[in-house]
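predicted coordinates and the sequence they were generated for:
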Amino acid sequence: MPGRSVSFDATIGVEVKGEMWACIEIPGSAEFFGTGKSVRVDARVDDVDLTHVGAMPTGTGGHMIALNAAIRRRLDKDLGDSVEVMVSLAS
């Protein structure tokens with residue numbers, strides 16, 4: 001992935017307004033992106049590439065990336081499972 005990126009391990013599942021969403025939270029994202037607003041990113045989750053996806057605000061100062069059912073099937077993972085992640089600003 002070109003440019004500056006951040007790599008981390010995450011667990012699928014972010015609590016939003018009392019519900020568990022199938023997302024991964026990006027640690028230190030507001031500082032990394034320089035904003036608390038939505039941004040477009042390129043990500044690699046385990047061996048699945050996600051290009052130009054939205055990193056949405058969590059409501060607690062960070063950002064999260066949604067993993068829809070099709071992506072979770074490709075990963076063979078679901079809520080509570082761990083993944084390896086690399087994220088960079090979309091080019």
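In hand now; what should we look at?

all the strands of this protein, in order from the start?
Using DSSP state E, the strands of the chain run over 5-11, 14-16, 19-21, 23-26, 39-45, 48-57, 63-66, 82-89.

reformat the ones you listed as CSV; add distance to Arg74, mean neighbour count and mean pLDDT.
Any C-beta I mention is one placed from the backbone N, CA and C, and that applies to glycine too. Listed next are the strands of the chain as CSV, based on distance: least, C-beta to C-beta, whole Å; neighbours: other C-beta atoms under 10 Å; pLDDT from 0 to 100:
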stretch, distance to Arg74, mean neighbour count, mean pLDDT
strand 5-11, 16, 14, 96
strand 14-16, 19, 16, 89
strand 19-21, 18, 12, 93
strand 23-26, 14, 23, 96
strand 39-45, 9, 20, 97
strand 48-57, 5, 16, 96
strand 63-66, 14, 22, 97
strand 82-89, 11, 18, 96
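
of those, give the one that comes closest to Arg73.
Closest approach to Arg73 among these is made by strand 48-57 (10.1 Å; C-beta to C-beta).

relative to strand 39-45, how tilted is the closest one?
Going by axes from the mean of the first three to the mean of the last three C-alpha atoms, to 10 degrees, strand 48-57 is angled at 140 degrees with respect to strand 39-45.

including distance to Leu75, could the strands of the chain go into a markdown table?
Output for the strands of the chain, formatted as a markdown table (distance: least, C-beta to C-beta, whole Å):
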| stretch | distance to Leu75 |
| --- | --- |
| strand 5-11 | 12 |
| strand 14-16 | 16 |
| strand 19-21 | 16 |
| strand 23-26 | 11 |
| strand 39-45 | 6 |
| strand 48-57 | 6 |
| strand 63-66 | 13 |
| strand 82-89 | 7 |
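
for Phe33, which of the ones you listed is the nearest?
Comparing the strands of the chain under C-beta to C-beta, the one sitting nearest is strand 39-45, at 5.0 Å.

which residues sit against that closest one?
Residues outside strand 39-45 that contact it (C-beta atoms under 8 Å, 6 or more residues apart in numbering): 1, 24, 33, 49-55, 63, 65, 67, 71, 75, 83-91.
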